[in-house]
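1. here is the input, now give the coordinates:
(2 chains)
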2 protein chains.
Amino acid sequence: MSRFDVVTIGNALVDVLSHEDDDFVVRAAVERGSTTMVDRARSDAIYAEMGPGREVSGGSAANTAAGLASLGGRAAYIGLVADDTFGKVFTHDLRSAGVHFDSPVASDGTPTGRCLVIVTSDAQRTMCTYLGAANHLDVGAIDEGVVESSSVTFCEGYLWDEPQAKDAIRRAADVAHRADQRVAFTASDPFCVERHREEFRELIANDVDILFANEHELTMLYEVDTFDEALHRVRGRVEIAALTRGPRGSVVLHGDDLHVIDPYPVTVVDTTGAGDLYAAGFLYGFTHGRSLLVCGQLASLAAGEVISHLGARPEVSLAELAAPLLGG
Amino acid sequence: MSRFDVVTIGNALVDVLSHEDDDFVVRAAVERGSTTMVDRARSDAIYAEMGPGREVSGGSAANTAAGLASLGGRAAYIGLVADDTFGKVFTHDLRSAGVHFDSPVASDGTPTGRCLVIVTSDAQRTMCTYLGAANHLDVGAIDEGVVESSSVTFCEGYLWDEPQAKDAIRRAADVAHRADQRVAFTASDPFCVERHREEFRELIANDVDILFANEHELTMLYEVDTFDEALHRVRGRVEIAALTRGPRGSVVLHGDDLHVIDPYPVTVVDTTGAGDLYAAGFLYGFTHGRSLLVCGQLASLAAGEVISHLGARPEVSLAELAAPLLGG
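-> Down below sits the predicted model:
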């Protein structure tokens, strides 16, 4: 039996959330509803214009790990923070959520990364990420013992913006497969897909067993206009594809088998973390021998909980929320 | 015309909020529903046991200033932070809320103060405060120009735990009165009252024009058993007393005149900041020439908004919420 159900690898970030009007996004000159990578000076400049915020630990793959732990899964996380206040907060929040987190701490003076999350009245979030210490993730940061002893190694596409992180992911995928474990990957963001389309396609075809992508990322990946076309393009290229469509629910593809999953009925407050928690629910089911239909339902439930409040990590026990689905 | 409606003076703190069960409060050996002052080591030890948190700017008097600004009032704040991450967050949040904040930054290595806020399922909050840089507040930190040009100078009783802060408050009261302005004071916390009963009585009798206290603080102050007895004891000792009773609403006393104010009807999520925002609503009305009845109603409204969500500062525009009351 593996020591962990899932190890997730990604950019360790503290989120700074603030409600702003639509004009703010225009003035900040960032991509609405997407993630823009910014340097420290621009991050500081945008922050100076933002209203009062709240700080919560974030980072896409770290949110997924927290969601897995909330469901009762055994989760580990690999990502880099600095020895500073936000680094301590990030570490505290992840460990106290029940996630194994033991990555070395960066000490070259680069601060812990932060993601400015601008929430507009339509519950959309626009993100400005300054990677900081997370940018140092390289092959040396991959704890091979943890990867070998995790049933699934889950990596976020965001990492592709850092050249040395690509090698780290390829190494992790190699270690996982040699240990007869599975590799999952999330496309993360449409603009991230656009920046790295060819490499993503190659990675998905060669190294990925389970792909997570939303409709925009998928059509961007295969340069097609419709979800249906994209669905036919991904078919056969990856063992399992879990494809989300926002309020239209999701589709899980496995060879010739296809499941159409309804969204979990909630009032949407903030879509931050929807994809991260979808992956958490799915991978919890997957590593506990559930059918792909139940995996998809768990994914919808976890995503539904997180979009019903501000913030990208669960506010209630997902294990309790999911008990009816799990027959527990 | 004064430059500011109100300047508030208090301990500058960043709150770290977490939901915990009742057992946690017992294990941490702190006073349930109250504030315990802790040193850095104990703060760190309690934090290590807490679940994932969220960080928001706090500090009783700073919350009051933020509430005043949200109502459209001209608010200033005096309090000390360090040149660190939490200090920057505190400063950003207050300034972006529209509060004038220009206190010198402590640079002796003491970190910005923090308040661990343990929220239990009954919406009660139990607080563990490590003062950090806030502890350095002394006469030199009082910007006399700001005090002179504020219609009301509002001080929190919590400051009484620091000997040199007492002198700072006495100086601020003296400067305000010499400039023909008013002095308001909040008793802050029953245990704070117990620690400083005699000095509080003397301060209230000699230096305070407007007293804020809740039922527990007031009975503790005058060592009586019932609210009614306490009411008769405070009568004549201070010009105006605004006395809160939680779900029973509040009473505003002015000489022989007495107003009984209903609570604002909300579902209570977290009582943190209730007293701070009550003071904000009251002082907004007071500095805008409203009747004491309307002052009390504005106070109830501001307190009601803040207890309807997690966190001690308004999440909506109080000016918009109060428009029906203000005829605006």
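2. what's the burial count for the one residue in the stretch 201-328 of chain A that gets nearest to chain B?
-> Using CB to the nearest CB, the single residue of the stretch 201-328 of chain A nearest to chain B is residue A:313, 6.6 Å away. From N, CA and C alone the C-beta is placed, and that goes for glycine too. Residues near residue A:313, counting by other CB atoms under 10 Å in any protein chain shown, number 29.
3. ok, so what distance separates it from residue A:10?
-> 14 Å (CB to CB, to the nearest Å).
4. same question, residue A:284
-> In this view, residue A:284 and residue A:10 are 18 Å apart by CB to CB.
5. which residues of chain A lie near chain B?
-> A:19, A:47-48, A:50-57, A:66, A:84-86, A:89, A:92-94, A:96-97, A:111, A:311, A:313, A:315 (CB under 8 Å from any CB of the partner chain).
6. can you flag the buried ones in those?
-> A:19, A:47, A:50, A:52-57, A:66, A:84-86, A:89, A:92-94, A:96-97, A:111, A:311, A:313, A:315 (16 or more other CB atoms under 10 Å in any protein chain shown).
7. which of those fall in helices?
-> A:47, A:66, A:85-86, A:89, A:92-94, A:96 (DSSP state H).
8. can you add pLDDT and give those back as JSON lines?
-> Listed next are those as JSON lines, based on pLDDT from 0 to 100:
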{"residue": "A:47", "pLDDT": "96"}
{"residue": "A:66", "pLDDT": "98"}
{"residue": "A:85", "pLDDT": "93"}
{"residue": "A:86", "pLDDT": "96"}
{"residue": "A:89", "pLDDT": "97"}
{"residue": "A:92", "pLDDT": "97"}
{"residue": "A:93", "pLDDT": "97"}
{"residue": "A:94", "pLDDT": "97"}
{"residue": "A:96", "pLDDT": "96"}
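9. possible to save those residues as CSV with distance to residue A:307?
-> CSV is the format used below for those (distance: CB to CB, whole Å):
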residue, distance to residue A:307
A:47, 24
A:66, 15
A:85, 28
A:86, 24
A:89, 23
A:92, 25
A:93, 19
A:94, 21
A:96, 23
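10. tell me who's in contact with the residue of the stretch 201-328 of chain A closest to chain B.
-> A:56-58, A:63, A:66-67, A:70, A:93, A:97, A:273, A:306, B:52 (CB atoms under 8 Å, 6 or more residues apart in numbering or on different chains).
11. residue A:54 now?
-> Taking CB under 8 Å, 6+ apart, we find residue A:54 in contact with A:16-18, A:310, B:54-56, B:311.
12. need phi/psi at the residue most central in space within chain A.
-> With distances taken as CA atoms, centre = their mean, residue A:60 lies nearest the centre of chain A, 3.3 Å away. For residue A:60, the backbone dihedrals (degrees, to the nearest 10) come out as phi -50, psi -60.
13. wait, what's in contact with it?
-> Residue A:60 neighbours (CB under 8 Å, 6+ apart): A:10-11, A:156, A:158, A:186, A:188, A:275-276.
14. how close does it get to residue B:188?
-> Plainly put, residue A:60 is 41 Å away from residue B:188 if you go by CB to CB.
15. check residue A:310 too.
-> From residue A:310 to residue B:188 the distance is 29 Å (CB to CB).
16. neighbour-wise, which of those two wins?
-> Per other CB under 10 Å, whichever of residue A:310 and residue B:188 has more neighbours is residue B:188, with 28 against 22.
17. tell me the spacing between the nearest residue to that one once chain neighbours are set aside and chain A.
-> In space, and not counting its chain neighbours, residue B:188 is closest to residue B:157: 3.5 Å by CB to CB, 6 or more residues apart in numbering or on different chains. To chain A, residue B:157 is 25 Å away according to CB to the nearest CB, to the nearest Å.
18. what comes up buried for stretch A:310-328?
-> Neighbour-count burial for stretch A:310-328 [16+ other CB under 10 Å]: A:310-315, A:318-319, A:321-322, A:326.
19. what count of nearby residues applies to residue A:2?
-> By other CB under 10 Å, neighbour count at residue A:2 equals 16.
20. now residue A:248
-> Neighbour count of residue A:248, defined by other CB under 10 Å: 13.
21. residue A:79 now?
-> 26.
22. need phi/psi at the nearest residue to it once chain neighbours are set aside.
-> In space, residue A:79 comes closest to residue A:12 once its chain neighbours are excluded; the distance is 3.6 Å by CB to CB, 6+ apart. Note on residue A:12: its backbone torsions stand at phi -80, psi 120 [degrees, to the nearest 10].
23. now do residue A:12, the pLDDT please.
-> Listed pLDDT for residue A:12 reads 97.
24. cool, the one 4 residues further on as well?
-> According to the prediction, residue A:16 has pLDDT 96.
25. what are the bridge partners for it, then?
-> residue A:55, residue A:116 (DSSP bridges).
26. so residue A:260 is in contact with residue A:249, correct?
-> Yes. With contacts counted by CB atoms under 8 Å, residue A:260 reaches residue A:249, the gap being 6.8 Å.
27. how about the stretch 101-250 of chain A: which residue is closest to chain B?
-> As assessed by CB to the nearest CB, chain B sits closest to residue A:111 within the stretch 101-250 of chain A, at 8.0 Å.
28. what are the neighbouring residues in contact with the closest residue to that residue other than its chain neighbours?
-> Of all residues not flanking residue A:111 in the chain, residue A:132 sits nearest, at 4.9 Å (CB to CB, 6+ apart). For residue A:132, the contact set (CB under 8 Å, 6+ apart) comprises A:40, A:82, A:110-114.
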